[in-house]
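J.: below are the sequence and a predicted model; questions follow.
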Amino acid sequence: MENFFHTIFADASYPYEDSDIIIFGVPYDGTTSYKAGTRDAPDAIRSLSYNSETYLPRIDLDLSGLPVCDLGNLEIDCLPDLVIDQVERTVREIAGDGKFPLMIGGEHSVTVGAVRALSPECYIVCDAHLDLREEFGGSIYNHACVAKRVLDLGVGEVFIIGTRSGTFEEYGLVRSDSRISTYSPEDIAARGLDAVLDEIQEKTSGKRTYLSIDADAIDCCLTPGLGTPEPFGLRPEDIRAVVDRFGTVCCGFDYVEVCPIDNGQTAAVAAKIIRELIGLKNKK
């Protein structure tokens, strides 16, 4: 196992060997392209996790005593490809032990390591940005290249929910590559979120699926603690609905790109959704 700095998510102090869900943080923002600070997100999200009661009334489940272990934060390297390697080794070991990996970023580049370790057939992500660049800032592992790297790994279908930003070339790739399905906030408003999720569920049913939440999928006017803010986005309730639908069936999960420069509301949403995912995983 990699080296970790030990900080703990609320109600996640079960021993590793006895736990079903394993949390770990990746405090990395080395390729951040606008505001730095997502390296501070894992501990900010953990701090806000203690603000919630252990009982989840919406799920009718108390988190106290559930088999969840937080390993702490990875002691990370400097270069994105090396950090991705660290994440891959960590997730591979967690999954190899028959446990569910739950990663808290950090920037979105770290997702590549988890996908590489788990080899899913489908990738569902909530994200304001397409992240389909071939390279950015001199690196193919920049956080603006995540979805492209996922495709390069051989993932068969990519679903991007909440996207509203990308280059002309990226949108051209969306039009030309049948493996990519995108759903803008306008699409979701016109069709209804349930209809969109029904479509994704039908296409991913029975397939190994990874779920990633980029905090900037949510409208920056609602959760302003973001490194790359975009207006006209989704609501926190929409992200929760995605997790409700796919959280119990995904093979791995991450919540990334929280930049805790606000008053805590962005980290609070992340902490709550992570807690509810833990509840859903234990309720299934």
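T.: Perfect, I can see it now.

J.: run a quick neighbour tally on the closest residue to residue 219 other than its chain neighbours.
T.: Leaving out its chain neighbours, the residue that sits closest to residue 219 by C-beta to C-beta, 6 or more residues apart in numbering is residue 233, at 3.7 Å. For glycine as for every other residue, the C-beta is placed from the backbone atoms N, C-alpha and C. The tally of other residues near residue 233 (other C-beta atoms under 10 Å) stands at 26.

J.: same check, this time on the one 3 residues further on
T.: Residue 236 is surrounded by 20 other residues when neighbours are defined as other C-beta under 10 Å.

J.: how much space between it and residue 219?
T.: Using C-beta to C-beta, to the nearest Å, we find residue 236 at a distance of 9 Å from residue 219.

J.: before we move on, what about residue 98?
T.: 38 Å.

J.: run the chain-centre distance for whatever helix or strand residue 202 lives in.
T.: Using DSSP states H and E, residue 202 maps to helix 193-204. The chain centroid and the centroid of helix 193-204 are separated by 19 Å under C-alpha atoms, centre = their mean, to the nearest Å.

J.: do I have it right that residue 278 meets residue 66?
T.: Yes - between residue 278 and residue 66 a contact is recorded at 6.8 Å, counting by C-beta atoms under 8 Å.

J.: mutual contacts of those two, please.
T.: Here residue 278 and residue 66 have 11, 21 as joint contacts, going by C-beta atoms under 8 Å, 6 or more residues apart in numbering.

J.: neighbour count winner among the two?
T.: Taking neighbours as other C-beta under 10 Å, residue 278 and residue 66 compare with residue 278 leading, 28 against 18.

J.: contacting residues around that one?
T.: Neighbours of residue 278 in contact, by C-beta under 8 Å, 6+ apart: 11-12, 21, 63, 66, 68, 102.

J.: now, which of those residues lie within strands?
T.: 21, 68, 102 (DSSP state E).

J.: read off the pLDDT value for the first one.
T.: Note on residue 21: pLDDT of 98.

J.: next one: it relative to residue 100, how far apart?
T.: Distance from residue 21 to residue 100, counting by C-beta to C-beta: 5 Å.

J.: same check on residue 266?
T.: 24 Å.

J.: which of those two has more residues huddled nearby?
T.: residue 266 (29 against 19).

J.: distance between the helix or strand containing residue 169 and the chain's centre?
T.: Assessed by DSSP H and E, residue 169 sits inside helix 168-176. Chain-centre distance of helix 168-176: 23 Å, with C-alpha atoms, centre = their mean.
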